[in-house]
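Participant: here's my sequence, what's the structure:
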Amino acid sequence: MLYSNKKLHGIASCGNFAQQKKKIVSQKALLALCIAIILPLLSYFIVKGVSRDAIHMPPRYYPDEVIETVKNGKKVSDTIWHQVADIKLTNQLGQSVSLHDLRGKIVVADYFFTHCPSICPFLTKNMKGLQDALKMKDVTKRVDTSFVHFVSFSVDPERDSVAALKRYADHFGVNPDVWWMLTGPKKAIYDFALNEVKLGLQDGEGVDSNFIHTSKFVVLDRKGIVRGYYDGLDTAALSRLAEDITLLMLEKDKTESSPVLAQLKGLWPIYIAVIVAVVLFVWITRRPAKEPKL
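Facilitator: Next up is the predicted model:
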């Protein structure tokens with residue numbers, strides 16, 4: 001009888017041990033599955049929040065309108081930024097081109113004239129340096145130069161014919177595929193400089209509306225919004241310009257959904273299946289074990 005009681009006690013102890021072990025294993029499996037589900041989402045939102053504060057994008061200039069709406073009981077302001085108007089001119093190859101042809105690209109623009117004895121040759125050399133630097137980066141696949149286009153407007157279009165622009169461009173090694181030197185009606189060029197990219201507000205010495213002569217490089221984003229003015233004669237400013245070009249190329253449109261979030265949303269059937277599997281697993285493993293038969 002004593003032997004039978006010990007045997008039963010041993011069987012019960014083994015059963016309890018097996019049940020506890022099974023419970024521990026089920027808890028670990030549950031924890032692992034929860035981590036597998038939650039960690040990707042948590043990591044995404046952490047990275048998104050940190051990166052939003054870590055990178056300072058080039059500012060936008062000249063709001064056209066501020067629209068205020070109420071969403072979920074909170075007032076939300078949405079700024080409509082000024083997009084430069086289109087302008088149609090002639091490039092150094094004699095081709096009629098439009099600025100709207102460059103929408104979707106980052107545009108770096110300056111103003112010059114071929115007979116300039118002072119700053120213009122230096123501005124052109126520095127623009128050429130940017131052209132060559134981006135070409136080098138394209139070789140290493142760090143920057144896609146198809147997103148960048150350079151534009152130089154002649155402020156002396158009466159003398160700067162297509163032939164004059166072609167000679168000047170060839171002298172400085174301008175690549176017409178990525179850099180236009182433009183001539184055309186003087187009024188159109190000056191109106192664009194003063195009213196669209198607003199050089200008169202940004203040039204330190206002021207821009208003469210009768211003869212524009214400035215060292216500023218102007219950057220437009222892919223929507224044609226002014227995103228920066230840089231001194232084309234200053235090395236530090238040119239380095240900042242090159243960095244800002246890269247940031248603007250990587251900039252995501254707020255109206256477009258995040259590709260990462262879209263991928264996560266596309267995996268929702270898998271997440272639901274995993275959650276159902278976890279619930280079934282927990283329910284099965286936590287069912288009371290059958291009493292051992294005597």
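
Participant: all contacts plus neighbour counts: C-alpha atoms, from now on.
Facilitator: Fine.

Participant: quick check: nearest residue in space to Lys216, chain neighbours excluded?
Facilitator: Asp231 (4.8 Å; C-alpha to C-alpha, 6 or more residues apart in numbering).

Participant: who's in contact with Val197?
Facilitator: 84, 218, 226 (C-alpha atoms under 8 Å, 6 or more residues apart in numbering).

Participant: can you list the strands that the host helix or strand of the second one pairs with?
Facilitator: Going back to what we said before, that points to Val218. Here Val218, judged by DSSP states H and E, is contained in strand 216-220. When pairing is defined by DSSP bridges, strand 216-220 lines up against strand 106-112 (antiparallel), strand 226-231 (antiparallel).

Participant: just checking, Thr69 touches Thr79?
Facilitator: No - here Thr69 does not reach Thr79: they are 11.3 Å apart, not a contact under C-alpha atoms under 8 Å.

Participant: distance-wise, check the closest residue to Tyr229 other than its chain neighbours relative to Phe150.
Facilitator: Residue nearest to Tyr229 in three dimensions, not counting chain neighbours: Val218, with 4.8 Å by C-alpha to C-alpha, 6+ apart. As for Val218, its distance to Phe150 is 10 Å (criterion: C-alpha to C-alpha, to the nearest Å).

Participant: again with Glu251
Facilitator: 19 Å.

Participant: more crowded one of these two?
Facilitator: More crowded of Glu251 and Phe150, by other C-alpha atoms under 10 Å: Phe150, with 24 against 12.

Participant: give me the pLDDT value at the nearest residue to the more buried one once chain neighbours are set aside.
Facilitator: Spatial nearest neighbour of Phe150, chain neighbours left out: Trp179 (4.4 Å); criterion: C-alpha to C-alpha, 6+ apart. Per-residue confidence (pLDDT) for Trp179: 97.

Participant: try the one 3 residues further on
Facilitator: Per-residue pLDDT puts Leu182 at 98.

Participant: my guess is it contacts Asn91, does it?
Facilitator: Yes - with contact defined as C-alpha under 8 Å, Leu182 reaches Asn91; the gap is 4.5 Å.

Participant: in what helix or strand does Leu248 lie?
Facilitator: Using DSSP H and E, Leu248 falls in helix 235-250.

Participant: ok, and what's touching that helix?
Facilitator: Residues contacting helix 235-250 (C-alpha under 8 Å, 6+ apart): 57-58, 106, 130, 143, 147-148, 221, 230-232.

Participant: any idea which of the strands paired with strand 216-220 gets closest to Ala188?
Facilitator: For Ala188, the closest of the strands paired with strand 216-220 is strand 106-112, at 13.4 Å, according to C-alpha to C-alpha.

Participant: mind listing what's buried along that closest one?
Facilitator: 106-112 (16 or more other C-alpha atoms under 10 Å).

Participant: output the below-cut-off pLDDT ranges for the stretch 151-294 of the chain.
Facilitator: Within the stretch 151-294 of the chain, the ranges that satisfy pLDDT under 70 run 202-207, 253-294.

Participant: now the helices: where do they sit in it?
Facilitator: With DSSP state H, counting those that start in this stretch as the criterion, the stretch 151-294 of the chain has helices at 162-172, 186-191, 199-202, 235-250, 259-266, 268-285.

Participant: need the strands for the chain, in chain order.
Facilitator: Assigned by DSSP state E, the strands in the chain fall at 63-71, 74-81, 88-90, 96-98, 106-112, 148-154, 179-182, 216-220, 226-231.

Participant: let me have the ones you listed in TSV, adding distance to Gly173 as columns.
Facilitator: Output for those, formatted as TSV (distance: least, C-alpha to C-alpha, whole Å):
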stretch	distance to Gly173
strand 63-71	37
strand 74-81	35
strand 88-90	19
strand 96-98	20
strand 106-112	16
strand 148-154	13
strand 179-182	10
strand 216-220	19
strand 226-231	22
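
Participant: what about Ala133, how many neighbours?
Facilitator: Quick note: Ala133 (other C-alpha under 10 Å) scores 13 neighbours.

Participant: same check, this time on Thr124
Facilitator: Neighbours around Thr124, by other C-alpha under 10 Å: 22.
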